[in-house]
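> Got a predicted model here, sequence first, then my questions.
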Amino acid sequence: MNLKGLSEVKSKQPPVDTWSPPFCGDMNLLIKANGEWFHEGGKFTRAAMVTMFSRILWYEAGEYFLVTPVEKVRIQVEDAPFLVTGWEWIDTELGPTLEFHTHTEDVMRLGLDCDLWMATYKGEERPYISMRYGMKALVARPVFYGLVESLEQVQTLEGSGVGIKSAGKSYLLMQDA
């Protein structure tokens, strides 16, 4: 994707960070740890609906909300509200850059507008990237396995080990023993 394409994706984002509507209560909406969205127990079957709602998702004080200019409703998220489903290497002025694509049509460039780290969820080490407004996206297992060929020795402030270099930055994924 060229830079024009990236700016078009970002322009689809409503200015949620400028809205401050009153809290209106809880909504029976759950985002499962595998990235699936459910409303009142029924799974969302239209990807466009998930994408639309993801644009008004807000994270505040450890809780998730759907926000419009006039209302704010709390929803439940098991782990991460976004799921990275694709990736590709692109060339930027900072060198080879890893571009992630989410199931909600977000495009993030590692080292430019997101970071990558490992964290534990229910006893399992999982890879995540940072997203807008302090949210995160889980890197899907097939995507992570696809990145294995890109792993190399890296040195970061956290230590040295195996990781990924993107846009001139190093990300440690497994520290040397």
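Nice, thanks for sending it over.
> In this structure, which residue is most central in space?
The chain has A137 as the residue nearest its centroid, 2.6 Å off, counting by C-alpha atoms, centre = their mean.
> Could you list the domains of this structure?
Listed by automatic domain parsing, the domain ranges of the chain are 15-77, 82-167.
> can I get those in JSON lines with mean pLDDT and distance to D176?
In this view, the C-beta of every residue, glycine as well, is placed from N, C-alpha and C. Formatted as JSON lines, the domains of the chain follow (pLDDT from 0 to 100; distance: least, C-beta to C-beta, whole Å):
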{"stretch": "domain 15-77", "mean pLDDT": "96", "distance to D176": "30"}
{"stretch": "domain 82-167", "mean pLDDT": "95", "distance to D176": "4"}
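> can you redo those as TSV with distance to Q175?
Formatted as TSV, those follow (distance: least, C-beta to C-beta, whole Å):
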stretch	distance to Q175
domain 15-77	25
domain 82-167	4
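> so which of those domains is the most packed in?
domain 82-167 (a mean of 16; mean count of other C-beta atoms under 10 Å).
> for it, the distance to its chain's centre please.
Here domain 82-167 is found 9 Å from its chain centre; the criterion is C-alpha atoms, centre = their mean, to the nearest Å.
> please begin residue numbering at 7 from this point
Okay, using 7 as the starting number, the last item reads as domain 88-173.
> end-to-end on that domain?
Start-to-end span of domain 88-173 (C-alpha to C-alpha, to the nearest Å) is 22 Å.
> And for stretch 57-69?
Stretch 57-69 stretches 19 Å from its first residue to its last (C-alpha to C-alpha).
> what's in contact with that stretch?
Stretch 57-69 is contacted by residues 18-20, 22, 35, 43, 70-74, 78, 80, 87-88, 110-112, 139-141 when judged by C-beta atoms under 8 Å, 6 or more residues apart in numbering.
> can we see that at 6 Å?
20, 22, 71-73, 80, 87, 110-111, 139-141 (C-beta atoms under 6 Å, 6 or more residues apart in numbering).
> Equivalent analysis for stretch 104-117, please.
Against stretch 104-117 from outside (C-beta under 6 Å, 6+ apart): 12, 15, 41, 57, 60, 88-94, 96, 103, 120, 122, 135, 143, 172-173, 175.
> and these, which of them are in strands?
Among the contacts of stretch 104-117, the residues falling in strands (DSSP state E) are 88-94, 96, 103, 122, 135, 143, 172, 175.
> I'd like to know which of those is nearest to G152.
W93 (6.7 Å; C-beta to C-beta).
> Alright, I will stop here.
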